[in-house]
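*Asks:* what would the 3D arrangement of this be:
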Amino acid sequence: MSYLLSQTFSVMVFYVFMAIYYNRQFFQLSQDSIKVMVLFRSSAIIVALFSVMFVWYSNGFFVRSRTKELGTYALLGMERRQIAWLLFLENMTLGLLSLVAGIGLGNLFSQLCSVLLIRMTRGTASVSFTLAPEAVILTVVLFAGLILITSLHTSSLIYRLRLIDLFQASHQGERVPRVSVVSAVFSVLFIAAGYTLADIAGSGLVVVAAIPILLLTISGTYMFFRSVIPAVVRGIRRNRSVYYRGTRMISTSQLLYRIRGNVSTLATIAVLTAVTITACGTAFTLYLGSTAVASAMAPFSFSYVQQTPELDTKVQQVLDQHSELHAKSVMSVRYLWVNVEYDHQSTSSVMIRPTLSDRVAVIAKSQYDAAAQVQGHASSQSIEEGRCVMVTQQVLRNYDALDIHVAGSILKPLKRTVLPVVGQSQVGSMIVVPDAAYAELLRKNAGKQETVQGYMVSHPEQAQAVSVLLEKMIPEKAHFSSYVQFSDMWFGQFGIIAFIGLFLGLVFVFATGSIISYKQLMEAQEERSRYVVLRDIGVSRSEVRQIVARQMAVVFGLPLLVGICHSTAALVALRNLLGMNILPYCVFVVAVYVALYGIYYVFTVRGYVSTVM
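*Replies:* Numbering: from 1, shown residues only. Okay, the predicted model is just below:
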């Protein structure tokens, strides 16, 4: 039954994904349909490859669990040809049932997924999902071919295995790893090196450093599970005060064998867990942070570089006509364009170097604080003479080591930065200086003073129509900017990424959880006789449950903890790269992953106990 459900889920996920891909209505809603199609196509390939590997892996478990049954058929006199034909027909029947059920369920869930996708991208149009012929054909071709191959492979086992092999196949685990101190040390060093390289690699090095980071971390993970974990369990066995307490002797002894026999599987699960959490964490960080990004790129609901009083009057009239927006305030923000030079004093420090503009906007502290108060931002706090605060969306480490040369003076940035108060389309780079320094620049006639007219409304995300109207009215040289433009753009792009991340995350969670669960439940059938002995010597059902729960906690928990550690290092590097507070989003993703993973743990413990008892 579990094998049938696994195949059905794989078919359903792939069909839903392809149904979205072949629905042209959806791509018409996207501003950049070509990039969206490429993204969906790449993700569909990942889903297809992972589904093929998962179905193949599940089929291996399914066959391995029935080797004794096949051996019994052979002992009873059935010919190999008959057993092979029986296996072929059985596997084909289950495969075709899963194919039909998966496409049927996928067609039902496609409507729900379309609604979810439209909401995540903040779309307003309705996308109707019908039976997509291209998606059906592609799904049938892929999985029918896979079912045929697995059926032929399964039926050929009866010719490749001897009778005694059929009865002992379930006992053939992975090779027992030998504990090596050298391998254990190198595993920790490799993982630490991968973490360090991920932390120091900047935006210019991230592509180059990606492959070394992956090689170091993955190889270190496999070495860690082969050397460090068995060594730790052996150390626990040598600790008499712990080992001989209650039923821990039984659980620890079985745990060493269990970990040793599942080293490659656990290491693979740890890597897949890290990939899943990192990918989902990145996708949802970008999606849930879209509001903050849009606010930083367009701090005012509407803004433009001030041109004439007549233009200001026309804009105000438009806003007055749309009272549903509840205009709250209007403000003029003045700043000075100056030419600057940069001198970085610390050559030994690691730096994520952005393209610093030689022409920046300088704003007085009092002017910045007034605009920040209107927009609900924090003030710039105190700024000493000869210092400044940088206002930029670019990520720069050790920016306080910069010397900024402007109009014959040298300004040193403070360690803190502040949020923009002027739109990105109007000002790229800005620095906040004390009022006296700003007045001195004005006196020296150091640059051209410019004013941005900004408007704040209560519901800027609902102002699409007004934004379009104002954009037509305001001349291009005024660099019109609106919050809703950036908000729709970012949610449209990152909503699709988050949707794909959600899909891939579900596939990976289902696959990793199922792989561990299948393997443990299959081993439970082989260990039933051992638990019968435990019952005979007086071990109660509750004590058996405790033994199983401890073992499963280690088997499920170890790859989960290692995967979380790997993903944490990757997400910290992402935080440094983006310069965003991504902690709340990543904690949410990890919590959801752990909850879904915990469901598999609970069902595996229950299934294991019911099997051995």
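*Asks:* pull stretch 587-598 out as CSV, backbone CA atoms only.
*Replies:* These are the backbone C-alpha positions of stretch 587-598, laid out as CSV (Å, rounded to 0.1, in the frame of the first residue of the first chain):
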residue,chain,number,x,y,z
VAL,A,587,13.0,29.9,11.5
PHE,A,588,9.5,29.6,10.1
VAL,A,589,10.8,27.3,7.2
VAL,A,590,12.8,25.2,9.6
ALA,A,591,9.8,24.8,12.0
VAL,A,592,7.5,23.7,9.1
TYR,A,593,10.2,21.2,7.9
VAL,A,594,10.7,19.8,11.4
ALA,A,595,6.9,19.5,11.9
LEU,A,596,6.5,17.5,8.6
TYR,A,597,9.5,15.4,9.4
GLY,A,598,8.1,14.7,12.9
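*Asks:* how far out from the middle of the chain is that stretch?
*Replies:* 12 Å (Cα atoms, centre = their mean, to the nearest Å).
*Asks:* list the buried residues in it.
*Replies:* Within stretch 587-598, the residues that qualify as buried are 589, 590, 592, 593, 597, counting by 16 or more other Cβ atoms under 10 Å. (Each C-beta comes from the backbone N, C-alpha and C, glycine too.)
*Asks:* do you know how far residue 51 is from residue 8?
*Replies:* When Cβ to Cβ, to the nearest Å is the yardstick, residue 51 and residue 8 sit 11 Å from each other.
*Asks:* which of the two has more neighbours?
*Replies:* Each of residue 51 and residue 8 has its neighbours counted (other Cβ atoms under 10 Å); residue 51 has more, 24 against 21.
*Asks:* any idea how far residue 134 is from the residue nearest to that one when sequence neighbours are not counted?
*Replies:* In this structure, residue 51 finds its nearest non-sequential neighbour in residue 10, 4.2 Å apart by Cβ to Cβ, 6 or more residues apart in numbering. When distance is defined by Cβ to Cβ, residue 10 is 19 Å away from residue 134.
*Asks:* and residue 316, how many neighbours?
*Replies:* Neighbours of residue 316 under the rule other Cβ under 10 Å: 14.
*Asks:* and it, how far from residue 475?
*Replies:* Taking Cβ to Cβ as the measure, residue 316 and residue 475 are separated by 17 Å.
*Asks:* which SS class is residue 337?
*Replies:* Under DSSP: H, G, I helix; E, B strand; the rest coil, the three-state class of residue 337 is strand.
*Asks:* backbone dihedrals for the residue of the chain most remote from its centre, please?
*Replies:* For the chain, the C-alpha lying farthest from the average C-alpha position belongs to residue 77; by Cα atoms, centre = their mean, that distance is 53.8 Å. Main-chain torsions, residue 77, degrees, to the nearest 10: phi 110, psi 0.
*Asks:* I'd like the average pLDDT over the longest helix anywhere in the chain.
*Replies:* Among the elements of type helix in the chain, defined by DSSP state H, the one spanning the most residues is helix 483-526. Mean pLDDT, helix 483-526: 80.
*Asks:* please save the CA atoms from the next helix or strand after that helix in CSV.
*Replies:* Downstream of helix 483-526, the first helix or strand assigned by DSSP states H and E is helix 528-536. Listed next in CSV are the C-alpha coordinates belonging to helix 528-536 (Å, rounded to 0.1, in the frame of the first residue of the first chain):
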residue,chain,number,x,y,z
ARG,A,528,10.8,-9.2,15.2
SER,A,529,12.4,-12.3,16.6
ARG,A,530,14.7,-10.3,18.8
TYR,A,531,11.8,-8.4,20.3
VAL,A,532,10.0,-11.7,21.0
VAL,A,533,13.0,-12.7,23.1
LEU,A,534,12.8,-9.3,24.9
ARG,A,535,9.1,-10.0,25.7
ASP,A,536,9.9,-13.4,27.0
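*Asks:* for the stretch 1-150 of the chain, what spans make up the helices?
*Replies:* Applying DSSP state H, counting those that start in this stretch to the stretch 1-150 of the chain gives helices spanning 2-21, 24-29, 33-64, 67-75, 80-120, 133-160.
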